[in-house]
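> predicted structure and sequence below. I'll ask about it afterward.
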Amino acid sequence: MAFEGLSERLQAAMNKMRRKGKISEADVKEMMREVRLALLEADVNFKVVKEFVKTVSERSIGEEVLESLSPSQQVIKIVNEELTALMGGEQSTIQTAPKSPTVIMMVGLQGAGKTTTAGKLANYLRKNQNRRPMLVAADIYRPAAIQQLETIGEQLDIPVFSMGNQVSPVEIAQKGIEKAKEEHRDFVIIDTAGRLHIDETLMTELTDIKALANPTEIFLVVDAMTGQDAVNVAESFNEQLDITGVILTKLDGDTRGGAALSIRSVTGKPIKFTGQGEKLDALEPFYPERMASRILGMGDMLTLIEKAQLDFDEQKAEEMTKKLKENSFDFNDFIDQMDQLNNMGPLEDILKMIPGMSNAPGLDQIKIDPKDTARMKAVVLSMTPQERENPDILSQSRRRRIARGSGRPIAEVNRMIKQFNESKKMMNQMSKGNFNGMDNMFGS
Ligand code: GDP
């Protein structure tokens, strides 16, 4: 599987840190050493690695992070954000020309998957965007290229314009675009020649086609399996042709990931699509954020962290931690906490967002009925302020009075007080950084 090694190593580095409650600058440094090695081993460009580690370290060692309630999660969030940024941040879509047809030029080295990808792209445009594409066979050098494109066209039932291999590629491109206009095609995808290596003749020909065809997009097709070479190829093509985007093929193979992580940073050009197989529908838009989450094995953890940040009142949460540490957490705080949890939505849904938890046995048993929390609240509100602050004074006679006041059976009052004492004990442990039994939640 693609990114397997990188994914495993990064996740191991993160998990090590997750187990600590508080983390120090030294912890961050140690983790960043591991992240650095993981990236280098995945064949990520060394300059990119250096810059990445520097940014993540600077952001992580910032005071707000290490002093925050969940420093390890904050650091993981930073790694994820920076990985996303490294791969281009936002998803990048296909640009269209102000006047139809939009011309897309496909360029790349031989064997990268250019011809196949031209077909996949035509298929994608038709299927996903309801477009009327046309393919143009302008690779006159590779013996089977024209025929290969024609076969693909037949399979997809998408027209292919060709003029054999005795006409110059520039002329083929020109005539192809004219034909597309006549037939009211809104996209023209030109499959150009590749070589085994970049050479001047190839670049001159491509520059000539570019000058004539005035393409809106020039997509460089690179083979993700070639790692650093893919990055070098992208750099050269970009210098000569000013490409507009990259399509990374063979991401279904066991690529280490270097190309996916370095191309954007080295060339400044976005990865627009990835090839995920030989079939003509195996093309997917590239989402940097999803790719980053996938590499970090995070499931929907990010949504969860963001949700918690949005919904939890930081100051209140801090007060709560302080109280837990001092062991002065009382029934007033209990109610507060219940309200905060209620604000986040149903607990079952929250738990499902934690990777590894969605299929956890017994999760379907956890049903928190909002009525239960309302009843618990009624019980707490029937306590005197003194009782709420000092749960230890809750004698049997006081409990009976509370049961009467809240209209709940005495057994329920007893159960709730017991539950309160247990949660208090557990939270007190957690506030000291003891997350025993919680590791599994993160799929470690
Ligand atoms: P070109 O020389 O750049 O035009 O390359 P081709 O389109 O002929 O592709 C070369 C080989 O790579 C063919 O066998 C394709 O089926 C294969 N290929 C292209 N894209 C992918 C991909 O995303 N995944 C896999 N597994 N194979 C691919």
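All right, it came through fine.
> check Leu206 and give its pLDDT.
The predicted structure scores Leu206 at 96 on the pLDDT scale.
> ok, now which ones touch it?
Leu206 sits next to 105, 107, 192, 240-241 when contact means Cβ atoms under 8 Å, 6 or more residues apart in numbering. Quick note: C-beta positions are derived from backbone N, CA and C, even for glycine.
> in TSV, list those residues along with pLDDT, distance to the ligand and neighbour count.
Supplementary listing: those in TSV, determined by pLDDT from 0 to 100; distance: Cβ to the nearest ligand atom, whole Å; neighbours: other Cβ atoms under 10 Å:
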residue	pLDDT	distance to the ligand	neighbour count
Met105	98	13	27
Val107	97	10	26
Thr192	96	9	28
Gln240	94	18	17
Leu241	96	16	18
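> what about Leu251, which SS state?
Three states are possible here, and by DSSP: H, G, I helix; E, B strand; the rest coil the one that applies to Leu251 is coil.
> burial check on Pro159, number of neighbours?
Pro159 is flanked by 18 other residues according to other Cβ atoms under 10 Å.
> how about the stretch 201-350 of the chain: which residue is closest to the ligand?
Closest approach of the stretch 201-350 of the chain to the ligand (Cβ to the nearest ligand atom) occurs at Gly275, with a separation of 2.5 Å.
> can you give me the neighbour number for that residue?
Each residue near Gly275 was counted by other Cβ under 10 Å, and the total is 26.
> just the pLDDT at the one residue sitting closest to the centre of the chain, thanks.
Averaging the C-alpha coordinates of the chain gives a centre point, and the residue nearest to it by Cα atoms, centre = their mean is Arg290 (2.3 Å). pLDDT recorded at Arg290 is 81.
> which helix or strand contains it?
helix 288-296 (DSSP states H and E).
> got the residues of the stretch 51-200 of the chain near the ligand?
With Cβ under 6 Å from any ligand atom as the criterion, the stretch 51-200 of the chain comes near the ligand at residues 108, 110-116, 194.
> please repeat the previous calculation with a cut-off of 8 Å.
For the stretch 51-200 of the chain, the contact set with the ligand under Cβ under 8 Å from any ligand atom comprises 108-118, 120, 139, 142, 145, 148, 191, 194.
> domain parsing for the chain?
Residue ranges for the domains of the chain, per automatic domain parsing: 4-86, 102-287, 301-442.
> tell me which of those sits most buried.
Between the domains of the chain, domain 102-287 has the highest mean count of neighbours, a mean of 20, where neighbours are mean count of other Cβ atoms under 10 Å.
> end to end, how far does that domain reach?
For domain 102-287, the separation between the terminal residues is 23 Å (Cα to Cα, to the nearest Å).
> so who does the closest residue in space to Thr255 that isn't next to it in sequence touch?
Distances taken as Cβ to Cβ, 6 or more residues apart in numbering put Ala224 closest to Thr255, at 4.2 Å, once the chain neighbours are dropped. The neighbours of Ala224, taking Cβ under 8 Å, 6+ apart as the test, are 2, 230, 248-251, 253, 255, 257, 259-260, 274.
> pLDDT below threshold where in the protein?
Applying pLDDT under 70 to the chain flags the ranges 1, 21, 63, 298-318, 320-321, 323-327, 340-370, 426-444.
> hmm, 80 instead?
By pLDDT under 80, the low-scoring segments of the chain are 1-2, 18-22, 63-70, 294, 297-329, 334-373, 422-444.
> which stretches of it form strands?
Assigned by DSSP state E, the strands in the chain fall at 102-107, 133-137, 160-161, 187-191, 217-223, 245-249, 271-275, 283-285.
> quick one: strands adjacent to the fifth one?
Put plainly, it is strand 217-223. Looking at strand 217-223 with DSSP bridges, its partner strands are strand 102-107 (parallel), strand 245-249 (parallel).
> that one near the ligand anywhere?
Yes: legend: contact between strand 217-223 and the ligand by Cβ under 8 Å from any ligand atom is shown at 221, 223.
> identify the residues contacting that strand?
For strand 217-223, contacts defined as Cβ under 8 Å, 6+ apart pick out 94-95, 102-109, 111-114, 117, 121, 210, 230, 233-234, 237-238, 241-250, 259, 263, 269, 272-273.
> and what of the first one?
With Cβ under 8 Å, 6+ apart as the contact definition, strand 102-107 has outside contacts at 94-97, 114, 117-118, 121, 177, 186-192, 194, 206, 209-210, 213-221, 237, 241, 243.
> got the angle for it vs strand 133-137?
Comparing the axes of strand 102-107 and strand 133-137 via axes from the mean of the first three to the mean of the last three Cα atoms, to 10 degrees yields an angle of 40 degrees.
> try the fifth one
Strand 217-223 and strand 133-137 are oriented at 60 degrees to each other (the same axes, to 10 degrees).
> export strand 217-223 as PDB, just CAs?
Taking Å, rounded to 0.1, in the frame of the first residue of the first chain, the C-alpha atoms of strand 217-223 are listed here in PDB:
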ATOM      1  CA  GLU A 217      -3.900  23.700 -18.200                       C
ATOM      2  CA  ILE A 218      -0.600  21.900 -18.800                       C
ATOM      3  CA  PHE A 219      -0.700  18.700 -16.700                       C
ATOM      4  CA  LEU A 220       2.500  17.000 -16.000                       C
ATOM      5  CA  VAL A 221       2.000  13.300 -15.500                       C
ATOM      6  CA  VAL A 222       4.500  11.700 -13.200                       C
ATOM      7  CA  ASP A 223       4.900   8.300 -11.800                       C
END
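> what's the angle between it and strand 271-275?
Using the same axes, to 10 degrees: strand 217-223 against strand 271-275 is 50 degrees.
> figure out how far strand 217-223 is from the centre of its chain.
Using Cα atoms, centre = their mean, to the nearest Å, the distance from the centre of strand 217-223 to the centre of the chain it belongs to is 22 Å.
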